[in-house]
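>>> One predicted model, sequence on top.
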Number of protein chains: 2
Amino acid sequence: MEVLPKELIQKKFPDLEDQLLDELLSQSTLREVEEGEEVMRSGQYIKSTILLLSGLLKVYREDDEGNEFLMYYLEPGSACALSMMCTARTEKSEIMAKAVKDSEVILVPSELSEMWLGKFKSWHNFVIASYRQRFEELLQTLDSIAFKGLDERLVFYLKRHVKVSGKQVKLSHQQIADELNSSREVISRLLKKLEQTGAITLHRNYIEVHDLSLGV
Amino acid sequence: MEVLPKELIQKKFPDLEDQLLDELLSQSTLREVEEGEEVMRSGQYIKSTILLLSGLLKVYREDDEGNEFLMYYLEPGSACALSMMCTARTEKSEIMAKAVKDSEVILVPSELSEMWLGKFKSWHNFVIASYRQRFEELLQTLDSIAFKGLDERLVFYLKRHVKVSGKQVKLSHQQIADELNSSREVISRLLKKLEQTGAITLHRNYIEVHDLSLGV
DNA sequence: GCATTACAGTGACTCATGTCACAGAGAAGG
DNA sequence: CCTTCTCTGTGACATGAGTCACTGTAATGC
């Protein structure tokens, strides 16, 4: 357990009121997670709200057979709505959060979070806003799965990735396939096509994105 | 505009505090919608929160080409979280709510709803609970699309339908196909298979559900 | 009662994805 | 330098789902 730098939190979460920050500082814990490490799993341990201070998390679904798909990324300054959401986790699949980069997260015990809802207007707004944003993102994901072919989903996926991590996409085809719940060979082929349109350039273990609008 | 029967609302929304009900009664409007009528469309008109008093609504997504798929059903006593959620509706697709049966909805202007969040603890809880529940249901839908084949999705769909409307499913194959974003012929075949397992019996314009667990 | 319409069933075909089986090319480690 | 592993590329094939064309059959309307 470390000292939380108030200024940093304030910078990342500018909408939270001062008094709340003080409580946050005194009552929550900071945790550093390494790239690849699992941050949470729905319904595991004591539920706490997770605030992301630095780094990058991905939130994804995993079913009983090990299939997974990406729900969305979480960037610093945002909260993992799940921890508040998932009262009853659904039958067979779980929601997982994993660090994509080394990250720092703040863990807020649920009772506290619950209490703050009534006590601090800014916390309340923050939570509501989080719900909204996640809901929207989830809808987008849903859309892309329901209506689009894998080719478009791949472009959508790359766009999101570029947005959070820049144009050097350091992923193997296998990893991408996993997150789209597809298979490597198929992704390889689609990526090849994208390369032919000039949208991207393929390298070993990373992809250079030029202009994804060419890939449609 | 009619008089809202307080007792009825109280019965359907037992968790809302008394004082809130009074404000609700005096400041919101009751609207009756007929089966098949559109209740809302994301981003249309003034946004208001919708409380369902009686009947049944379905909430679904529709993309620019007229494809649609069902998100979830709303039963009396629940709120349409969307109206609060969808600040920025996403590019090309819209969320729609349509009455499956004749229904009565209460329209709460957004400013009011917003204000109540701070003023009434019970409203606040109600809203949070709604968010949670919708989120969960959306996740379930997402799951079924992402991981399951159309056969399982059909079973999942029928189950939901039975839950809200009973074992006499009065739908044509075409309607089902639409809500699953599939095509009639395919649904016909799958239904046929289900009939062969004894899970259902097919009739013209309606399906009799016996035991969907046979259909897996 | 006859014509029309909506719904349901079926076979043939296409297309997108997924799977299997390999092969080559870099990386990594000794 | 040689071995081994991981990542990538590709062809052949299987499967699920969508589409087309057509038939039959119950409901509806005049």
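Everything's here; your move.

>>> domains of chain A?
A:6-145, A:149-215 (automatic domain parsing).

>>> quick one: which of the ones you listed is nearest DNA strand C?
Between DNA strand C and the domains of chain A, the shortest gap by Cβ to the nearest atom of the strand is with domain A:149-215, which sits at 3.0 Å. For the C-beta atoms, the positions are set from N, CA and C on the backbone; glycine is no exception.

>>> Look at the closest one and report the distance between its end residues.
13 Å (Cα to Cα, to the nearest Å).

>>> Could you pull out the buried residues of stretch A:153-160?
Neighbour-count burial for stretch A:153-160, with 16 or more other Cβ atoms under 10 Å in any protein chain shown as criterion, is recorded at A:153-158, A:160.

>>> coming back round to it: any idea which of the domains of chain A is most buried?
domain A:6-145 (a mean of 18; mean count of other Cβ atoms under 10 Å in any protein chain shown).

>>> thinking again about what came up before, tell me which of the buried residues of stretch A:153-160 is nearest to B:Val186?
Nearest to B:Val186 among the buried residues of stretch A:153-160: A:Arg153, at 21.3 Å, using Cβ to Cβ.

>>> My understanding was that that closest one contacts A:Ala177; is that so?
No - the pair A:Arg153 / A:Ala177 is not scored as a contact, 11.5 Å apart, by Cβ atoms under 8 Å.

>>> For the spatially most central residue of chain A, give its distance to A:Arg184.
In chain A, the residue lying closest to the centroid (Cα atoms, centre = their mean) is A:Tyr73, at 2.4 Å. Distance of A:Tyr73 to A:Arg184, given as Cβ to Cβ, to the nearest Å: 22 Å.

>>> repeat for A:Ile95
24 Å.

>>> From B:Arg31, how far off is the residue nearest to the centre of chain A?
39 Å.

>>> Could you do A:Lys148 as well?
35 Å.

>>> Equivalent analysis for A:Lys163, please.
Between A:Lys163 and B:Arg31 the computed distance is 40 Å (Cβ to Cβ).

>>> picking that back up, which stretch in the domains of chain A has the least confidence?
Mean pLDDT across the domains of chain A is lowest at domain A:6-145; the value there is a mean of 86.

>>> what separates it from the chain centre, distance-wise?
9 Å (Cα atoms, centre = their mean, to the nearest Å).

>>> ok, it near DNA strand C or not?
No - using Cβ under 7 Å from any atom of the strand, we find that domain A:6-145 stays clear of DNA strand C, coming within 9.4 Å at best.

>>> Now look at that domain and say if it contacts DNA strand D.
No - Domain A:6-145 does not reach DNA strand D (Cβ under 7 Å from any atom of the strand); its nearest approach is 12.4 Å.

>>> Please verify my assumption that A:Val155 contacts A:Leu212.
Yes - A:Val155 is in contact with A:Leu212 according to Cβ under 8 Å; the separation is 5.4 Å.

>>> which residues are in contact with both of these two?
Residues touching both A:Val155 and A:Leu212 by Cβ atoms under 8 Å, 6 or more residues apart in numbering or on different chains: A:194, A:199.

>>> who touches the spatially closest residue to A:Lys12 that is not a sequence neighbour in this structure?
Closest residue to A:Lys12 apart from its sequence neighbours, by Cβ to Cβ, 6 or more residues apart in numbering or on different chains: A:Gly77 at 4.5 Å. Listed by Cβ under 8 Å, 6+ apart, the contact partners of A:Gly77 are A:12-13, A:52.

>>> is chain B contacted by the helix ranked longest in chain A?
Using DSSP state H, we find that the single longest helix of chain A is helix A:121-147. Yes - Helix A:121-147 comes into contact with chain B (Cβ under 8 Å from any Cβ of the partner chain), by way of A:121, A:124, A:127-128, A:131-132, A:134-136, A:138-143, A:145-147.

>>> Only alpha carbons, please: show stretch A:110-121 as PDB.
Provided in PDB are the C-alpha atoms of stretch A:110-121 (Å, rounded to 0.1, in the frame of the first residue of the first chain):
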ATOM      1  CA  SER A 110     -18.200  -1.400  -2.500                       C
ATOM      2  CA  GLU A 111     -19.700  -0.200   0.700                       C
ATOM      3  CA  LEU A 112     -17.800   3.100   0.400                       C
ATOM      4  CA  SER A 113     -18.800   3.500  -3.200                       C
ATOM      5  CA  GLU A 114     -22.400   2.900  -2.200                       C
ATOM      6  CA  MET A 115     -22.200   5.400   0.600                       C
ATOM      7  CA  TRP A 116     -20.600   8.100  -1.500                       C
ATOM      8  CA  LEU A 117     -23.500   7.800  -4.000                       C
ATOM      9  CA  GLY A 118     -25.600   9.600  -1.400                       C
ATOM     10  CA  LYS A 119     -23.000  11.700   0.100                       C
ATOM     11  CA  PHE A 120     -21.200  13.200  -2.900                       C
ATOM     12  CA  LYS A 121     -23.000  14.600  -5.800                       C
END
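
>>> B:Ser42: which of the domains of chain A is closest?
That would be domain A:6-145 among the domains of chain A, by Cβ to Cβ, at 9.7 Å.

>>> Just give me how far stretch A:188-200 sits from the chain centre.
In this view, stretch A:188-200 has its centroid 26 Å away from the chain centroid, taken as Cα atoms, centre = their mean.

>>> show me where chain A has helices.
Under DSSP H, chain A gives helices at A:6-12, A:18-27, A:82-85, A:110-119, A:121-147, A:150-165, A:173-179, A:184-197.

>>> Determine which of the ones you listed approaches B:Arg204 most closely.
helix A:121-147 (29.2 Å).

>>> ok now that closest one, how far from the chain's centre?
12 Å.

>>> okay, the angle between that helix and helix A:150-165?
Here the directions of helix A:121-147 and helix A:150-165 differ by 150 degrees (axes from the mean of the first three to the mean of the last three Cα atoms, to 10 degrees).
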